[in-house]
Structure formats: structure tokens, C-alpha cells
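**Q** give me a 3D structure for the following:
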Amino acid sequence: MKKLMLLFSFMTRLPVPKKTRTEFDSEELGKSMKFFPVIGLVIGLILYLFARGISFLTDPAFPFLLSVLILLLEVAITGALHLDGLADTFDGMFSYRSKQKILEIMKDSRLGTNGALALIFYFLLKWSIFAELFYTLGKNYFAIFLVTMPIIARLGSVIHCAFFPYARATGMGKAFVDYTGKKELVFSVLLTGIILGILWCLSKAVLPIIVALGISCLFLMLFQYLFGKVVQHKIGGITGDTLGALVELSEVMYGVLLYICIHAMQWFVIYC
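**A** Here you go, the predicted structure:
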């Protein structure tokens, strides 16, 4: 419980009950990474309840308005922590400098051109994907996507911490890498699988939707691993910024993959 509460207080702006608050402990925080998908579950449920709460809006533009409101709520929940990592990562990676210079740029708190462009296109793409999936899946199945998106996205951080070294000698993310190995990864994958399985069963989704979600999750995990290889090639390992970038990119990629899977299955049914 201590590890989970530390992770909640570090990764979100959600209030933590006073009785469960503990002093910052880097070792305990590092060991908590295996529970990161649970943080995603809580965020997903909040987004789902919020979306259901404003479902009385019936205007044709509702999916677009809903997309914007969900994006704003998610930013508020995480305190833009991962978005900061996304901007810093793109500023550094697309500077085309040496490894050391890239790390220096990523550590700079100022926002560069590449980081600003990354944020603009990130929000445009995520907003569009939300709206398209709402139209494609309908309210009920879109809700499944909304809950599962933060879960599978945060599993990627566990994958990175288990497979890739930390690029710096010190840093906020080093504790996660030091205390996350293959055993913790297996635990996190099983935990994620159980959570997703329960959610899919409770949703009473039809088989094609479950298949599309499952395929999207598998391809997303492949993307997460390959992204880690690219980052390692560029700077010799991962950082806290690249872990944040991975979460944000994974959420967008999950939506893109699901959209492709749904339409691929529709095409298969029609033409085969």
C-alpha cells in the first residue's frame, strides 16, 4: 500500500488520504513501478465516469467537445508530468546533436521548437482519434477504450525500466530502473492482463471488439519496446523524460492501432 500511495502522489495530482501519506523514499518509489498500470486504471475510471456524466449532450459536435474535455481532465489529473517529458524528449532527440548534448537539452526547462511542435501535433492527433473512435465504436465501446488506454500505456514504462538502462548517472527516473527487473515486469504484465480481462468481461463487448482491443494491445507493446531501442541507440538508455514521452505516445498509438484494427476487420468482413 505504501508503494502504491507513493506512486499516486508522484505520478498524479489526485489527493491521497492523510492516513496513507508517507515521506518520500526513492527506493520504495522505485519498487512501486510494477503497480503503474493500477494508476492507469484509476485515471481511466475517472475519465470514463466524467464522460458518462456529460453524456446528456446530444449536439452533433459532442464527440469533439468530449474529446477536448477528456484531454483537459487527463492533463489536470497528471499535472502535465508526462507532457513535459514528451516535449523535452522531442527537443533533445530532434536536435541531432551528440548524446551528451541531447541529455543537456532534455534537462533544460525551456520549451524548444521541436517540443512545441510535438505538443501541438500530439493534441491534434489525440483529439481527432478520440472523436473518430467515438463515431466508430459508439458510446459504450468508446468507454472501454477510454478505461483501458491509460492502463496499457503505463505498462510501457514498466517494459522500459525492465529492459533498458538509465542514460544518466543520477536522475528522478533512475530509482525506477534500478528496482524494476524481469520479475517485476512479469508481475505487471499479469496484473495488466487480469485488469483488462475483467474490464472486457464486465463490458460485455462482442468478440470482434475484444479481438481488436487485444491485437491493439499486443502491437502497442511491440511499439513500446521498439521506441525504447530507438531511445537507447540515441542516448544510451532511457530517462524520466523518455518514460513520460512513452506514456503519452502510447495513448495516441493505442487509439491509432484500435482504429486501424476496427476498419481492417470491417474491410475483411465485406470483401472476404
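**Q** tell me the pLDDT at Lys99?
**A** Listed pLDDT for Lys99 reads 90.
**Q** so what's the residue count around the closest residue to it other than its chain neighbours?
**A** Ranked by C-beta to C-beta, 6 or more residues apart in numbering and with sequence neighbours excluded, the top spatial neighbour of Lys99 is Ile235, at 5.1 Å. C-beta here means a position set from N, CA and C on the backbone, and glycine is covered the same way. Per other C-beta atoms under 10 Å, the neighbour tally for Ile235 reads 23.
**Q** and Ile235, how far from Phe8?
**A** Between Ile235 and Phe8 the computed distance is 29 Å (C-beta to C-beta, to the nearest Å).
**Q** what does Asp108 give?
**A** For Asp108, the distance to Phe8 - C-beta to C-beta - is 29 Å.
**Q** the two: who's more crowded?
**A** Shown here are Asp108 and Phe8; by other C-beta under 10 Å, Phe8 has more neighbours (20 against 12).
**Q** grab the nearest non-local neighbour of the more buried one.
**A** In space, Phe8 is closest to Val16, 5.6 Å off (C-beta to C-beta, 6+ apart).
**Q** which ones are touching that neighbour?
**A** Neighbouring residues of Val16 by C-beta atoms under 8 Å, 6 or more residues apart in numbering: Met5, Phe8, Ser9.
**Q** just those: which are in helices?
**A** Among the contacts of Val16, DSSP state H puts Met5, Phe8, Ser9 in helices.
**Q** number of nearby residues for the last one?
**A** The one in question is Ser9. Applying other C-beta under 10 Å, we find 17 residues neighbouring Ser9.
**Q** any low-confidence regions in the stretch 1-150 of the chain?
**A** Scanning the stretch 1-150 of the chain for pLDDT under 70 picks out the ranges 1, 18-25, 55-62.
**Q** ok, now with 80
**A** Residue ranges of the stretch 1-150 of the chain with pLDDT under 80: 1-3, 16-27, 54-63.
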